[in-house]
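Novice: Let's see this in three dimensions:
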Amino acid sequence: MAKSDYTIENIYQKGYSSFKPVGTNTYFKTGSFGITTDPRSANILQEVSTKLSSGAKHIEIEAISSETFDSIPKQQMEEVRRLSKLTGIDISMHGPVIDTTGITQQGFSELNREDAERRITQILQRTKDLAKDQPIIVNFHSAEGIPGSEFVSKRTEEGERKYKRMIAVDRETGKLAPLEKEERFYPGGKIIPGKGELKGVPENPQQRLQIMNHSEWDNALSQLFFNKERADEILETNKMKFEPFLKEFNEGKIDRRTITPEQQNVLRKLEDAKVYIDDLHKQANSLFSKAYEYGSTEQREALLQISQHFGEELKKDKDIFGQSRAIHDLLLTLRNPGLAPEMHVPIEQFAVEQSSKTYGNAAFEAYKKMKDKTPTLVIENPPAGFALSTGEDLKNLVEASRKQFVKKAVEEKKMGESEAKKVAAKIIGATLDVGHMNMLRKYGYTEEEIVKEAERIAPLIKHVHLSDNFGFEHTELPMGMGNVPMKDIMEKLGKKGFDAKKIIEAGQWWQHFKTSPLQPTLEGLGSPIYAKGVAPYWNQVPGFYQDFRGGYGLMLPQTNYEMFGAGFSQLPTELGGQRPGAQGSRMSGKQME
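Specialist: Model prediction:
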């Protein structure tokens with residue numbers, strides 16, 4: 001008997017969903033979702049106990065305030081660990097939101113960065129009370145309170161980012177300088193026909209940054225050349241008079257008591273010139289050090305050759321005239337525009353450089369003490385508008401933090417580089433906050449470009465934060481209630497995104513609607529009700545009992561339902577039901593009221 005093709009339709013009615021459940025890989029299993037505790041409360045034992053009733057399999061302790069975190073007794077962490085083991089739920093921690101770059105209103109301070117590093121190290125080590133049997137996830141923001149640059153959503157053909165507004169940072173002081181596109185007017189420029197006005201030359205933020213670096217470098221060298229001219233003037237004017245003293249002067253053998261007043265006057269001028277030359281040498285050393293510290297690999301190679309040549313010149317002629325010539329040649333060489341160091345850089349670059357030290361070092365210190373039980377440090381993108389809020393920035397920070405961990409592990413622990421890389425990849429990763437990423441809309445990003453930013457961080461994802469919004473305000477609603485392109489984002493994340501723990505952060509929902517955001521999120525994402533992944537789905541539940549997302553409201557007279565048919569809660573009088581205030585039912589023998 002031939003077998004016919006046939007289809008068994010889903011017997012459950014369809015409902016609203018931002019996802020269309022088709023097959024086992026397009027919906028989220030209910031067990032992959034979690035909710036947070038109240039960030040205002042340090043009573044985490046009570047918070048976790050209360051949240052257990054929602055049925056969530058994962059609870060994140062939301063200790064985003066340093067004061068709240070330090071108010072959590074270690075005994076409560078131990079009790080939460082016991083409770084999680086008893087109930088089978090997973091626990092994670094949202095660490096305090098702190099600045100990890102060392103930038104304050106007064107500028108950059110390495111001491112501030114080191115304070116942040118110690119703080120994060122302590123937080124990681126304290127989590128051992130939450131999970132002694134297995135490591136937990138501890139989440140931190142990539143940057144906090146630091147303004148970010150604004151990018152043009154469309155990239156160049158080479159894939160490079162273009163700036164609308166760049167926040168530049170002085171790498172020595174940490175002072176911030178906003179750079180926007182400007183028109184500059186230069187002598188000899190083109191004249192607009194018929195107007196008699198100079199035509200402006202547009203300079204984008206990248207060009208202005210380059211001009212800033214070159215100008216600062218050139219100005220510093222010009223000041224040294226000015227001081228050099230003063231020293232040369234003294235040397236050239238008195239050269240003949242100095243020659244009889246040079247040998248004794250260099251050897252420090254001149255006895256002022258044995259020379260004439262005229263010779264003493266010449267000696268004072270020689271000493272003045274020496275002071276100028278010595279001061280020039282110190283300033284040239286300082287500039288050279290700055291160029292080497294902040295220079296690129298190519299610049300450092302060139303500076304190494306310059307250093308060797310300068311040392312050889314000083315050895316050839318050790319008197320003051322020889323020093324002057326060597327310093328003059330050094331300054332001329334350093335004036336090459338190609339050697340100007342990048343003293344001012346985009347804040348994203350600076351923040352990655354500094355925060356990666358903080359996270360990499362903190363992870364290493366935790367690993368030294370906790371070994372295989374070291375918590376997984378995940379770094380989250382902050383709301384768009386702050387530094388390091390794009391997918392590319394977060395990717396750069398996580399990779400740089402892993403490199404810093406490897407560097408420390410190889411240098412201090414003598415660990416093999418390949419082993420150190422495996423450990424770093426295991427304990428340092430990324431958290432994608434889809435709501436924070438969606439806020440790029442207010443800077444002109446399209447939905448497709450937001451999805452692309454999420455895709456850039458996909459390979460490093462270990463954790464996901466869920467909140468919906470409309471792209472402009474930092475609001476937190478259940479998924480499906482805003483315009484976060486959740487389906488497209490999760491498809492780009494692939495298996496990592498579907499398997500990652502997904503924590504629902506819905507502060508505004510808790511605040512205004514006073515109910516758990518878990519069920520609305522399950523409905524919005526079309527998750528299956530049963531663990532086997534079969535129908536029905538949570539987005540079909542409204543058809544069962546009519547809740548927030550279901551029903552048509554009071555579009556027909558209520559009395560009509562009372563008299564001619566209603567739910568089980570109030571039977572019509574024809575079936576023995578009784579209207580409020582009535583003397584009896586139809587079965588009582590009285591007329592229907």
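
Novice: So which residues of the stretch 101-250 of the chain form helices?
Specialist: Shown for the stretch 101-250 of the chain, the helices assigned by DSSP state H, counting those that start in this stretch span residues 110-126, 205-237, 239-251.

Novice: of all these, which gets the most neighbours per residue?
Specialist: Across these, the average number of neighbours (mean count of other CB atoms under 10 Å) peaks for helix 110-126, which reaches a mean of 18. In short, each C-beta sits where N, CA and C put it, glycine included.

Novice: Restricting the selection to alpha carbons, write that helix to PDB.
Specialist: These are the backbone C-alpha positions of helix 110-126, laid out as PDB (Å, rounded to 0.1, in the frame of the first residue of the first chain):
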ATOM      1  CA  GLU A 110      46.800  55.000  37.100                       C
ATOM      2  CA  LEU A 111      46.100  54.900  40.800                       C
ATOM      3  CA  ASN A 112      42.300  55.100  40.100                       C
ATOM      4  CA  ARG A 113      42.600  52.200  37.500                       C
ATOM      5  CA  GLU A 114      44.500  50.100  40.000                       C
ATOM      6  CA  ASP A 115      41.800  50.800  42.600                       C
ATOM      7  CA  ALA A 116      39.200  49.400  40.100                       C
ATOM      8  CA  GLU A 117      41.400  46.400  39.500                       C
ATOM      9  CA  ARG A 118      41.600  45.600  43.200                       C
ATOM     10  CA  ARG A 119      37.800  46.100  43.500                       C
ATOM     11  CA  ILE A 120      37.000  43.700  40.700                       C
ATOM     12  CA  THR A 121      39.500  41.100  42.000                       C
ATOM     13  CA  GLN A 122      37.800  41.200  45.400                       C
ATOM     14  CA  ILE A 123      34.300  40.800  43.800                       C
ATOM     15  CA  LEU A 124      35.500  37.700  41.800                       C
ATOM     16  CA  GLN A 125      37.000  36.200  44.900                       C
ATOM     17  CA  ARG A 126      33.900  36.800  47.000                       C
END
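
Novice: Compare the helices of the stretch 101-250 of the chain and give me the one nearest Phe405.
Specialist: Across the helices of the stretch 101-250 of the chain, Phe405 has its closest neighbour in helix 110-126 (12.4 Å, CB to CB).

Novice: Show me what that closest one is packed up against.
Specialist: In this structure, helix 110-126 makes packing contacts with strand 137-141, helix 347-370, judged by 3 or more CB pairs under 8 Å, 6 or more residues apart in numbering; DSSP states H and E.

Novice: can we see that at 10 Å?
Specialist: With contacts defined as 3 or more CB pairs under 10 Å, 6 or more residues apart in numbering; DSSP states H and E, the secondary structure elements packing on helix 110-126 are helix 66-70, strand 90-94, strand 103-104, strand 137-141, helix 347-370, strand 376-380.

Novice: and Pro193, how many neighbours?
Specialist: As a burial measure, Pro193 scores 8 neighbours (other CB atoms under 10 Å).

Novice: what pLDDT does it get?
Specialist: Pro193 is assigned 82 on the pLDDT scale.

Novice: who are the neighbours in contact with it?
Specialist: Lys199 (CB atoms under 10 Å, 6 or more residues apart in numbering).

Novice: got CSV for the helices of the stretch 101-250 of the chain, with distance to Lys154 too?
Specialist: Rendered in CSV, the data for these read as follows (distance: least, CB to CB, whole Å):
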stretch, distance to Lys154
helix 110-126, 34
helix 205-237, 15
helix 239-251, 64
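
Novice: Now Ser527, what are its backbone angles?
Specialist: Summarising the backbone geometry of Ser527 under the convention degrees, to the nearest 10, its torsions are phi -80, psi 150.

Novice: returning to what we had before: of the helices of the stretch 101-250 of the chain, which approaches Gly295 most closely?
Specialist: For the helices of the stretch 101-250 of the chain, the distance to Gly295 is smallest for helix 205-237, at 10.9 Å, taking CB to CB.

Novice: Return the list of helices and strands in contact with that closest one.
Specialist: For helix 205-237, the contact count by 3+ CB pairs under 10 Å, 6+ apart identifies strand 162-170, strand 176-180, strand 182-184, strand 201-203, helix 261-294, helix 320-334, strand 344-346 as packing neighbours.

Novice: Please produce a markdown table containing these, extended by mean neighbour count and mean pLDDT.
Specialist: A markdown table is the format used below for those (neighbours: other CB atoms under 10 Å; pLDDT from 0 to 100):
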| stretch | mean neighbour count | mean pLDDT |
| --- | --- | --- |
| strand 162-170 | 20 | 94 |
| strand 176-180 | 16 | 94 |
| strand 182-184 | 12 | 87 |
| strand 201-203 | 13 | 89 |
| helix 261-294 | 16 | 85 |
| helix 320-334 | 18 | 88 |
| strand 344-346 | 22 | 96 |
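
Novice: looking at the ones you listed, which is closest to Ile529?
Specialist: When those are ranked by proximity to Ile529, the top entry is strand 162-170, at 46.3 Å, counting by CB to CB.

Novice: now Lys442: how far from Glu473?
Specialist: Lys442 sits 9 Å away from Glu473, taking CB to CB, to the nearest Å as the criterion.

Novice: neighbour count winner among these two?
Specialist: Lys442 (14 against 11).

Novice: Doesn't that one lie inside a helix?
Specialist: Yes. Using DSSP: H, G, I helix; E, B strand; the rest coil, the assignment for Lys442 is a helix.

Novice: what stretches of this protein score poorly on pLDDT?
Specialist: For the chain, residues meeting the criterion pLDDT under 70 lie at 1-27, 132, 242, 245-253, 255-258, 542-593.

Novice: okay, which residue is most central for it?
Specialist: With distances taken as CA atoms, centre = their mean, the residue of the chain nearest its centroid is Ser142 (3.0 Å).

Novice: Name the SS class of the residue nearest to Glu380 when sequence neighbours are not counted, please.
Specialist: Of all residues beyond its chain neighbours, the one nearest Glu380 is Thr431 (3.9 Å), with distances taken as CB to CB, 6 or more residues apart in numbering. State at Thr431, reduced to three classes by three-state DSSP: strand.

Novice: Surely Thr431 and His94 touch.
Specialist: Yes. With contacts defined as CB atoms under 10 Å, Thr431 counts as touching His94 at a distance of 9.2 Å.

Novice: okay, and the common contacts of the two?
Specialist: Ile137, Asn139, Phe140, His141, Val378, Glu380, His463, His465, Ile503.

Novice: Would you confirm that the last one contacts Lys51?
Specialist: What that stands for is Ile503. No. Taking contact to mean CB under 10 Å, the distance of 11.6 Å between Ile503 and Lys51 leaves them out of contact.

Novice: the more surrounded of these two?
Specialist: Ile503 (25 against 20).

Novice: Surely that one forms part of a helix?
Specialist: No. Read with three-state DSSP, Ile503 is strand and lies in no helix.

Novice: List the contacts of Lys162.
Specialist: Applying CB under 10 Å, 6+ apart, the residues contacting Lys162 are Phe151, Val152, Ser153, Lys154, Arg155, Thr156, Asn204, Pro205, Gln206.

Novice: If you drop the residues flanking it in sequence, what lies closest to the last one?
Specialist: Which is Gln206. Distances taken as CB to CB, 6+ apart place Tyr163 nearest to Gln206, at 6.4 Å, with adjacent residues excluded.

Novice: Okay, and the beta partners of that neighbour?
Specialist: For Tyr163, the residues forming beta bridges with it (DSSP bridges) are Phe151.

Novice: Give me the distance between it and Ala454.
Specialist: Tyr163 is 21 Å from Ala454, by CB to CB.

Novice: give the contact list for Lys403.
Specialist: Contacts were defined as CB under 10 Å, 6+ apart; by that measure Lys403 touches Ser356, Gly360, Ala420, Lys421, Ala424, Ile428.

Novice: I'm done for today, thanks for sticking with me.
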